[in-house]
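*Asks:* Got a predicted structure here, sequence first:
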Amino acid sequence: LEVSWFGHATETIEVTVAAGQSVSETVTLSALPAGSVTGSITGPDGAPVAGADVRLADTPLSGTSAASGGYVLDNVPEGDWTLRIDAAGFRAAEVPVSVVAGVATRVDVQLKATSPIAIVDTTGSSTPGLALADLVAGEGYQVEMVNRANLAELAGRIDDFELVIFNSSLLSSQLAAFGQAVEAADAAGVSAIIPGQWGGYALGAISNLRGDPAAVSWGFVPDGVDYVAARAHPIFSGLPVGEPIELLTNPGQNQQWASYSGWSGETLATVHARNGGADLGEAVGYRFTSATSVELLLGGLAATSPYGYPGARWTASAEQIYLNAVAWAIDATQAELTGVVSGDGQPLAGATVTAVETGAVAVTGVDGHYALGLPGGTHTITVEGHGFATHTEVVELPEQGSVRLDFDLARLPRGSVAGTVTSVEGGPVAGAEIEASGPMEWSATTGESGEYAVGDLLEGSYDVTVTADGYLPAEVSVTVVADTSASLDIT
């Protein structure tokens, strides 16, 4: 029998059972080394957000933020995790966090306000359309379904939305209203996603109306289709570049697809047959319609029956790409600064990249990737990562397009602290809890001889508190110097 549970070491035992026999076995699982994650949740204005759902993705650990916005997740196994925050009225956020045993890792999260999105649907309530709406709303967006018959009415209130998704086939009698809605979005600076599938859908309609893209193609191939991204971009965050990304899958049967050609904007990815890898054409592209809005083409990702939608033929990667596209379409600005932040040669998650003149900020993902939307011109870029030296660089950005700028931050020097905790009688105090705050937070527990040691600490002064059952707390301070072990004995 193999017995496993989150946060504990797996145990395997052998059991012999004879016919007609009932055997009872007790299995004790040992807890893995663990720390905690703590911090505060705030809104765009810095005000605390109470009642936010805070959880570690793909684990049973969760909590709720207090009136102060504070939260604590205890018993988090040592390792790398993703912290997810959901709160009413705000967009969902995911932040990487590395947990060290015995240490309380602080992660403060500032949420973005929710964004209103219109999804144009064939009926306003089709099964594929509702599945797409559920996927998008699950990230904290405010979604309104719009029947394709009401496109003219949508054009008249386009300012109510930050993004319009034209997820619908269109009758010939609806093409003029569709064009009116697209033009209204362009004029109002509202981003638009125009997906396509077998038969064209909105992607084919926009080609027919204005000839840009010049042509739209569609067909079917066995088993499934993939995207291949030509370069790194926020739409493909967390996904490989230059390699197939499984998009739509229909094992043993045909899978439909759509692509375009002759596009005036920039193309980011092509669509390929799963079997054999044949290039089926350009599939993901964008062009800016204002300094802060884009028109985004997604070949193959119209949510439609029977060709595929979230929960039916769409892979997890397809859903991730779609949600990345939604977020980027809302937040995009005309020029883009992108790259990877490393620390000591390794991708650095959670680093802050700031454009000083505009105040725009990006936080690196688990792969160290960042992307900043900025106006064209000269920008001072500052990069900060906890435990690494701050780096500043000046970059010139065009009016539109993307510039890549990678950073490798130098690791700040480290030191250590070691000592013994004793009672006033001079005897060792085992099991004493040591908590310290300063340039970074750390903690330790004394051993049987009252000894403790903590390494890899940033230079600076730390306030240290020691508690133990049956003793009054003690408060002391210690200064950590690089490449030196500070001695701190505490009574």
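*Replies:* All right, it came through fine.
*Asks:* contacts and neighbour counts: CA atoms only from here.
*Replies:* Noted.
*Asks:* so who does the residue nearest the centre of the chain touch?
*Replies:* Centroid-nearest residue in the chain: residue 94, 4.6 Å away (criterion: C-alpha atoms, centre = their mean). Each residue near residue 94 by C-alpha atoms under 8 Å, 6 or more residues apart in numbering is listed here: 82, 83, 84, 85.
*Asks:* Give me the subset of those residues lying in strands.
*Replies:* Among the contacts of residue 94, the members falling in strands (DSSP state E) are 82, 83, 84, 85.
*Asks:* hang on, isn't the third one packed against residue 92?
*Replies:* Yes. Using C-alpha atoms under 8 Å, residue 84 and residue 92 qualify as a contacting pair, with a distance of 7.2 Å.
*Asks:* and those two? which has more neighbours close in?
*Replies:* Comparing residue 84 with residue 92 by other C-alpha atoms under 10 Å, the one with more neighbours is residue 92, at 21 against 18.
*Asks:* Distance-wise, check the more buried one relative to residue 55.
*Replies:* Using C-alpha to C-alpha, to the nearest Å, residue 92 is found at 12 Å from residue 55.
*Asks:* tell me, what's touching these two both at once?
*Replies:* Overlap of the contact sets of residue 92 and residue 55 (by C-alpha under 8 Å, 6+ apart) consists of 84, 85.
*Asks:* In a markdown table, list the ones in strands among the contacts of residue 94 along with pLDDT and distance to residue 413.
*Replies:* Below are the ones in strands among the contacts of residue 94 laid out as a markdown table (pLDDT from 0 to 100; distance: C-alpha to C-alpha, whole Å):
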| residue | pLDDT | distance to residue 413 |
| --- | --- | --- |
| 82 | 96 | 27 |
| 83 | 97 | 28 |
| 84 | 97 | 32 |
| 85 | 97 | 33 |
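*Asks:* before we move on, back to that, using ChimeraX, define a selection of the buried residues within the contacts of residue 94.
*Replies:* Per 16 or more other C-alpha atoms under 10 Å, the buried members of the contacts of residue 94 correspond to this ChimeraX selection:
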select :82,83,84,85
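*Asks:* helix/strand/coil for the spatially closest residue to residue 295 that is not a sequence neighbour?
*Replies:* Nearest residue to residue 295 in three dimensions, chain neighbours excluded: residue 192, at 4.9 Å (C-alpha to C-alpha, 6 or more residues apart in numbering). With DSSP: H, G, I helix; E, B strand; the rest coil as the basis, residue 192 sits in strand.
*Asks:* got the contact list for residue 192?
*Replies:* 163, 164, 165, 166, 182, 185, 293, 294, 295, 296, 329.
*Asks:* burial measure for the last one, as a count.
*Replies:* By the other C-alpha under 10 Å criterion, the neighbourhood of residue 329 contains 26 residues.
*Asks:* Surely it is within a helix?
*Replies:* Yes. In this structure, residue 329 lies within a helix as judged by three-state DSSP.
*Asks:* so what pLDDT did it get?
*Replies:* If you check residue 329, the pLDDT there is 95.
*Asks:* give the contact list for it.
*Replies:* If a contact means C-alpha under 8 Å, 6+ apart, then residue 329 has 163, 191, 192, 193, 293, 294, 295, 296 as its contacts.
*Asks:* quick revisit: what bridges to the residue nearest to residue 295?
*Replies:* residue 164, residue 295 (DSSP bridges).
*Asks:* hmm, back to that, just the buried ones from the contacts of residue 192?
*Replies:* For the contacts of residue 192, a burial check counting by 16+ other C-alpha under 10 Å picks out 163, 164, 165, 166, 182, 185, 293, 294, 295, 296, 329.
*Asks:* I'd like to know which of these is nearest to residue 283.
*Replies:* residue 296 (10.2 Å; C-alpha to C-alpha).
*Asks:* Am I right that the closest one is in contact with residue 186?
*Replies:* No. Counting by C-alpha under 8 Å, residue 296 sits too far from residue 186 to count as a contact (11.8 Å).
*Asks:* Point out the other helices and strands that the lengthiest strand in the chain packs with.
*Replies:* In the chain, with assignment by DSSP E, the single longest strand is strand 244-261. Strand 244-261 is packed against strand 191-196, strand 215-229, strand 266-273, strand 279-290, strand 293-299, helix 316-331, with contacts defined by 3 or more C-alpha pairs under 8 Å, 6 or more residues apart in numbering; DSSP states H and E.
*Asks:* Distance from the chain centre to the last one, please.
*Replies:* In terms of C-alpha atoms, centre = their mean, to the nearest Å, the centre of helix 316-331 is found 10 Å from the chain centre.
*Asks:* picking that back up, make CSV from the helices and strands packed on strand 244-261 and add distance to residue 383 to it.
*Replies:* Formatted as CSV, the helices and strands packed on strand 244-261 follow (distance: least, C-alpha to C-alpha, whole Å):
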stretch, distance to residue 383
strand 191-196, 29
strand 215-229, 27
strand 266-273, 26
strand 279-290, 27
strand 293-299, 26
helix 316-331, 20
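*Asks:* Is residue 248 bridged to anything, and to what?
*Replies:* Here residue 248 sits in beta bridges with residue 225, residue 314, as judged by DSSP bridges.
*Asks:* what pLDDT does it get?
*Replies:* pLDDT, residue 248: 98.
*Asks:* So it is in contact with residue 224, correct?
*Replies:* Yes. If you go by C-alpha under 8 Å, residue 248 and residue 224 touch, sitting 5.3 Å apart.
*Asks:* and for those two, which residues touch both?
*Replies:* Common neighbours of residue 248 and residue 224 (criterion: C-alpha under 8 Å, 6+ apart): residue 255.
*Asks:* Between those two, point out the one with more neighbours.
*Replies:* Each of residue 248 and residue 224 has its neighbours counted (other C-alpha under 10 Å); residue 248 has more, 28 against 24.
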